[in-house]
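> quick one: sequence and predicted model below, then my questions.
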Amino acid sequence: MTTVEFASSRAATATPMDARPLTCSIGAELHGVDLAAVSRDDDLFAELKSLLLKHKVLFFRDQGMSRAEHVALAERFGSLEDHPVVGSDPENPGLVRIYKDLDSPPEHYENAFHCDATWRENPPMGSVLRCVEGPAVGGDTIWVNMALAYERLPERVKEQIEGLRARHSIEATFGADMPIEQRLELKERFPDAEHPVVRTHPETGEKVLFVNVFTTHFTNFHTPGNVRCGIDYAPGAGDLLRYLISQASIPEYQVRWRWTPNSVAIWDNRSTQHYAVQDYWPAVRKMERAGIIGDRPF
């Protein structure tokens, strides 16, 4: 059966997609779904998007889609972004190649819990990531439900962070290892963004804890209600920010995915964080990602 026939038969039978939750808090693996067909079918895409909002990250095996189909699927969600440091595949704008081999320079951006590109005024809505080649073991990725992380905060902490805002920086992360001139030029192109510490998901209405490794500091913490005198400011704000960032490390909020060639993950960047485990050296790991432009957090 061709992919076109597959799409037609799925639409005709209206059989719900087979989504099997992987944990109690986040993530589902979908079976019997051809993502190349989804990229061409409105009804299939609508069902997939509904499942994404429910489970926050969706996983698929054995997806033989082309790069063009990969891009077409991601564009169903919205326009694609170009990463200012990594860049895009010249033949498929918006598709970023994340290739790691023995000749790759060491870096420390993926192996930390993060929400993609929160240093943008409009961080990505989400991403579609496909494994091209991976190690026999290792190189997993972990995703975290940050709506649940907020929900389970102590009430006193929720009260303390209500209305707080924070800065997110590309200069302090991707730029940190650059020569100063290059780092300052990067910051000029992408000034530090300011976002609410707790954002509201624009489609589900969920409250989401929205700080991560790109977050440098709170911008409105130093008020009479929080600070008696100057000495209170740095430890008070710093300790609170570290506590909030640490919530992504709680296993009960996580799902861990083992990659195989042609496996795919689609995630909602507005309500999750993720961590690419770099435990596979000297094996090769080749991934391709399409990031979808999002809206301004509120």
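Structure's in. What do you need?
> following element in sequence after the host helix or strand of residue 37, please.
Residue 37 is part of helix 35-38 when elements are defined by DSSP states H and E. Sequence order places helix 42-55 as the next helix or strand after helix 35-38, per DSSP H and E.
> for that next one, name the packing helices and strands.
helix 3-13, strand 18-21, strand 28-31, helix 35-38, strand 57-60, strand 264-268 (3 or more CB pairs under 8 Å, 6 or more residues apart in numbering; DSSP states H and E). Any C-beta I mention is one placed from the backbone N, CA and C, and that applies to glycine too.
> pull the helix or strand with minimum mean pLDDT from this protein.
Within the chain, no helix or strand scores below helix 3-13, which has a mean of 41 by mean pLDDT, DSSP states H and E.
> mind pulling up the pLDDT for the residue most central in space within the chain?
Centroid-nearest residue in the chain: residue 269, 3.9 Å away (criterion: CA atoms, centre = their mean). According to the per-residue confidence, residue 269 scores 98 in pLDDT.
> need the contact list for it.
With contact taken as CB atoms under 8 Å, 6 or more residues apart in numbering, residue 269 is in contact with 115-116, 123-127, 291, 294.
> just give me the closest of those residues to residue 89.
residue 291 (12.6 Å; CB to CB).
> could you say what helices and strands the lengthiest helix in the chain packs with?
When the chain is parsed with DSSP state H, its longest helix is helix 230-246. Judged by 3+ CB pairs under 8 Å, 6+ apart, the packing partners of helix 230-246 are helix 155-161, strand 215-218.
> now do whichever strand or helix holds residue 185, average pLDDT.
Here residue 185 sits within helix 180-189, counting by DSSP H and E. Averaging pLDDT along helix 180-189 gives 96.
> buried residues of it, list them for me.
Neighbour-count burial for helix 180-189, counted by 16 or more other CB atoms under 10 Å, picks out 183, 186-187.
> and of those residues, the nearest to residue 256?
Nearest to residue 256 among the buried residues of helix 180-189, counting by CB to CB, is residue 186 at 32.1 Å.
> pretty sure the closest one sits against residue 175.
Yes: using CB atoms under 8 Å, residue 186 is in contact with residue 175, at 4.6 Å.
> run through the stretch 151-298 of the chain and note the low-pLDDT ranges.
Residue ranges of the stretch 151-298 of the chain with pLDDT under 70: 232-233.
> try it again with 90
174, 177, 224-236, 281-282 (pLDDT under 90).
> check the stretch 1-150 of the chain too.
Checking the stretch 1-150 of the chain against pLDDT under 90 turns up 1-15, 82-94, 99-111.
> go again with 80.
Low-confidence segments of the stretch 1-150 of the chain (pLDDT under 80): 1-15, 83-90, 104-110.
> follow-up on the earlier one: partners of the next helix-or-strand element following the longest helix of the chain in the sheet?
Per DSSP H and E, the first helix or strand lying C-terminal to helix 230-246 is strand 254-257. Neighbouring strands of strand 254-257 in its sheet, by DSSP bridges, are strand 141-145 (antiparallel).
> on that earlier part again, other SSEs contacting the helix holding residue 185?
Using 3+ CB pairs under 8 Å, 6+ apart: helix 180-189 touches no other helix or strand.
> what's in contact with the helix or strand just after that helix?
Using DSSP H and E, the helix or strand that follows helix 180-189 in sequence is strand 193-196. The contact list for strand 193-196 (CB under 8 Å, 6+ apart) reads 118-121, 123, 164-168, 210, 219, 297-298.
> identify, from these, the entry nearest to residue 15.
residue 123 (34.9 Å).
> list the contacts of the closest one.
Counted by CB under 8 Å, 6+ apart, residue 123 has contacts 115-117, 193, 195, 269-270, 294, 297.
> what is the neighbour count of residue 100?
23 (other CB atoms under 10 Å).
> quick one, what contacts it?
Residue 100 neighbours (CB under 8 Å, 6+ apart): 278, 284-286.
> go again using 10 Å as the cut-off
106-107, 110, 133-135, 139, 276, 278, 280-281, 283-287 (CB atoms under 10 Å, 6 or more residues apart in numbering).
> lovely, talk soon.
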